[in-house]
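Peer 1: I need the structure of the sequence given here:
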Amino acid sequence: MKRKTAEVLLIAYWFPPASNQTWRSYRMFSALQNYFREIRIISTSNRNFLPIKDFNDTAKHVSTALTLDHRLFTYFNRKEIKHVDEKFKPKWAFKIYNLFNSFPFNLLIGEGGFLYIISGYKKGLGLINKKYPTLVFSSYRPYSDHAIAYLIKCSRPHTTWVADFRDLHVDPALKETYFPKIQSWFNKKILAKADVVTTVSKGLAEHLKAFHPNVVVLRNGIGELPITPAANADLPTAKHFTITYTGSMFRDLRKPDLLLEALSELIAAQKIAAEQVQIRYAGKDTATWIPLLEKYGLVPSIFLGLGNVTHQEAVQLQCSTHINLLLTYATPELKGNATGKLYEYLAAKQPVLLLVNGCKDEELEEIFEATNAGMIAYDSMNHKDLVKAFLLEKYKEWQMTGLVAPAIADADLDAFRWENMMAAFLEKHVFKTGFAQKPLVDFEVK
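Peer 2: Residues are numbered from 1 along each chain as shown. I've put the predicted structure just below:
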């Protein structure tokens, strides 16, 4: 059902996405189009030079807020965003990043910054049509987007504000902010104005409940399904049994050691031929892999470092591999680190090997069980033999047939598709609340 008399104001600094990490707001935009008469977007004026993706269907929806922040100086006149291997980043760079991420500096000199907030607030007031109830969506990062939504909510209390978090602002594992008590105070103060807080997993939701009573899980989810190349027939790596990882190593919290140790032992036992295996890595942290390969006695030729690739190229790699490798971490304080990469892997349908650095993560196990995605192994539970069995099973299948059959059925993905998740969220948490009591009387079947 499409509600012709309701509108959305989406506040998103990164819109459309300028890197593989910033797709969430675009997925929201695409899903929300099914339910509202109009979607208006506030984004940064930096989009005029940042390498945003070329989505012709979005430009007409966007109004830019004047921005003077560090992005303006860092990326001006560059053709692409440069991601640097974290091994080569000096310690002072992390300290500055943490400062820019902490209140009050994140609102003054951080991404977006003070001018963006004030300009976005004024733009937002002008974009809200007083004839129609308006749903305001803002998503962290940066926190400047939430600040704009907060000011709009203060001035237009009849709006419904959804404050979304794809990451935690105060992360107990990463510790990317200073003055934790001050950060918590600011979060409670700002989010008190929100009607709903959404986030990507149950694990993150548990932390956000300290700042708001109404926290809802709205996963990253699956957009359009890619077309999987049949049997990897036309790919240059068809002669190899391929294991592919697309992403970062994330400050050494993501560890491929279980895979490398298991593979090394299988090769030493002559159960897998080294010349037939290829680990494909697309990302900025190639230098992190080299010493690990040496540590486990794997020849350099087994590894193919592709560097940074486009999102389209990453999806192609995920669809054309035999096993997709996923790396994450879990601690007793923080579980549910289900990144957007997980859902890209599910859409690719190839078997997934998830290596968890840390303790048992029940939420990720639930997702894997629901989708038949593959296998989860924990470095803390001595799962090396399980990884060896999984690799050997898929390798033998590849030897016999030239491919590894897709593991995931389309029907098992329905619960994780953006259009289905957004429909359920809106029906339960928006249309059946005070927002629905506004004069929404004109419907049409879409």
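
Peer 1: Name the nearest residue to Leu9, sequence neighbours excluded.
Peer 2: What sits nearest to Leu9 in space, not counting adjacent residues and going by C-beta to C-beta, 6 or more residues apart in numbering, is Val136, at 4.8 Å. C-betas here are computed from N, CA, C, even on glycine.

Peer 1: residues in contact with that neighbour?
Peer 2: Shown in contact with Val136 (C-beta atoms under 8 Å, 6 or more residues apart in numbering): Val8, Leu9, Ile11, Gly124, Ala149, Ile152, Lys153, Thr159, Thr160, Trp161, Val162.

Peer 1: So what pairs up with it in the strands?
Peer 2: Going by DSSP bridges, Val136 is paired in beta bridges with Leu9, Trp161.

Peer 1: Pull up the gap between it and Ala194, please.
Peer 2: 9 Å (C-beta to C-beta, to the nearest Å).

Peer 1: before we move on, what about His207?
Peer 2: 15 Å.

Peer 1: More neighbours: which of the two?
Peer 2: Ala194 (23 against 19; other C-beta atoms under 10 Å).

Peer 1: and the gap between that one and Leu386?
Peer 2: Counting by C-beta to C-beta, the separation of Ala194 from Leu386 is 42 Å.

Peer 1: cool, Pro332 as well?
Peer 2: The gap separating Pro332 from Leu386 is 22 Å, by C-beta to C-beta.

Peer 1: can you list the weak-confidence ranges in the stretch 201-350 of the chain?
Peer 2: 224-238 (pLDDT under 70).

Peer 1: Break down it into its strands, ranges please.
Peer 2: Under the criterion DSSP state E, counting those that start in this stretch, the stretch 201-350 of the chain carries strands at the ranges 215-217, 241-246, 277-282, 303-307, 323-330.

Peer 1: Switch those over to JSON lines, and while doing so, append distance to Phe425 to every line.
Peer 2: Output for the strands of the stretch 201-350 of the chain, formatted as JSON lines (distance: least, C-beta to C-beta, whole Å):
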{"stretch": "strand 215-217", "distance to Phe425": "7"}
{"stretch": "strand 241-246", "distance to Phe425": "28"}
{"stretch": "strand 277-282", "distance to Phe425": "32"}
{"stretch": "strand 303-307", "distance to Phe425": "36"}
{"stretch": "strand 323-330", "distance to Phe425": "24"}
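
Peer 1: Could you dump those into CSV and include distance to Ala65 and mean neighbour count?
Peer 2: Shown next, in CSV, are these (distance: least, C-beta to C-beta, whole Å; neighbours: other C-beta atoms under 10 Å):
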stretch, distance to Ala65, mean neighbour count
strand 215-217, 27, 19
strand 241-246, 32, 24
strand 277-282, 33, 22
strand 303-307, 33, 15
strand 323-330, 34, 24
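
Peer 1: Where do the helices of the stretch 201-350 of the chain begin and end?
Peer 2: Remark: helices assigned in the stretch 201-350 of the chain by DSSP state H, counting those that start in this stretch are 202-208, 257-268, 286-295, 311-319, 340-348.

Peer 1: so which of those helices gets nearest Leu32?
Peer 2: helix 340-348 (17.8 Å; C-beta to C-beta).

Peer 1: Output the contacting helices and strands for the closest one.
Peer 2: Other helices and strands packing on helix 340-348, by 3 or more C-beta pairs under 8 Å, 6 or more residues apart in numbering; DSSP states H and E, are helix 311-319, strand 323-330, strand 352-358, helix 362-371.

Peer 1: Could you dump the ones you listed into TSV with distance to Ile118 added?
Peer 2: Shown next, in TSV, are the helices and strands packed on helix 340-348 (distance: least, C-beta to C-beta, whole Å):
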stretch	distance to Ile118
helix 311-319	32
strand 323-330	38
strand 352-358	42
helix 362-371	39
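
Peer 1: Among the ones you listed, single out whichever gets nearest to Glu38.
Peer 2: Comparing the helices and strands packed on helix 340-348 by their distance to Glu38 (C-beta to C-beta), the top pick is helix 311-319, with 27.4 Å.

Peer 1: before we move on, back to that, out of the strands of the stretch 201-350 of the chain, which gets nearest to Asn106?
Peer 2: Closest of the strands of the stretch 201-350 of the chain to Asn106 is strand 215-217, at 21.1 Å (criterion: C-beta to C-beta).

Peer 1: could you point out which element follows the longest helix seen in the chain?
Peer 2: The longest helix of the chain (DSSP state H) is helix 384-401. Note on helix 384-401: by DSSP states H and E, the next helix or strand toward the C-terminus is helix 418-429.

Peer 1: now the angle from that following helix to helix 340-348?
Peer 2: Here helix 418-429 runs at an angle of 120 degrees relative to helix 340-348 (axes from the mean of the first three to the mean of the last three C-alpha atoms, to 10 degrees).

Peer 1: Count the residues that sit near Phe431.
Peer 2: Going by other C-beta under 10 Å, the residues that sit close to Phe431 add up to 17.

Peer 1: Got phi/psi on it?
Peer 2: Here the main-chain torsion angles of Phe431 (degrees, to the nearest 10) amount to phi -70, psi -20.

Peer 1: quick one: the closest residue in space to Leu327 that isn't next to it in sequence and Ala65, what's the gap?
Peer 2: Leaving aside its sequence neighbours, Leu327 sits nearest to Arg254 (C-beta to C-beta, 6+ apart; 3.5 Å). Distance, Arg254 to Ala65, by C-beta to C-beta: 34 Å.

Peer 1: which one of the two has more residues nearby?
Peer 2: It is Ala65, of Arg254 and Ala65, that has more neighbours when counted by other C-beta under 10 Å, with 25 against 22.

Peer 1: which residues sit in contact with that one?
Peer 2: By C-beta under 8 Å, 6+ apart, the contact list for Ala65 reads Ile42, Ser43, Thr44, Ser45, Tyr116, Ser119, Gly120, Lys123, Ile148.

Peer 1: re earlier: please tabulate the contacts of Val136 in CSV and include neighbour count, distance to Phe105 and pLDDT as additional columns.
Peer 2: Below are these laid out as CSV (neighbours: other C-beta atoms under 10 Å; distance: C-beta to C-beta, whole Å; pLDDT from 0 to 100):
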residue, neighbour count, distance to Phe105, pLDDT
Val8, 22, 30, 94
Leu9, 27, 26, 96
Ile11, 30, 20, 97
Gly124, 26, 23, 96
Ala149, 29, 20, 97
Ile152, 27, 22, 97
Lys153, 22, 23, 96
Thr159, 19, 28, 92
Thr160, 22, 30, 94
Trp161, 24, 24, 96
Val162, 24, 26, 97
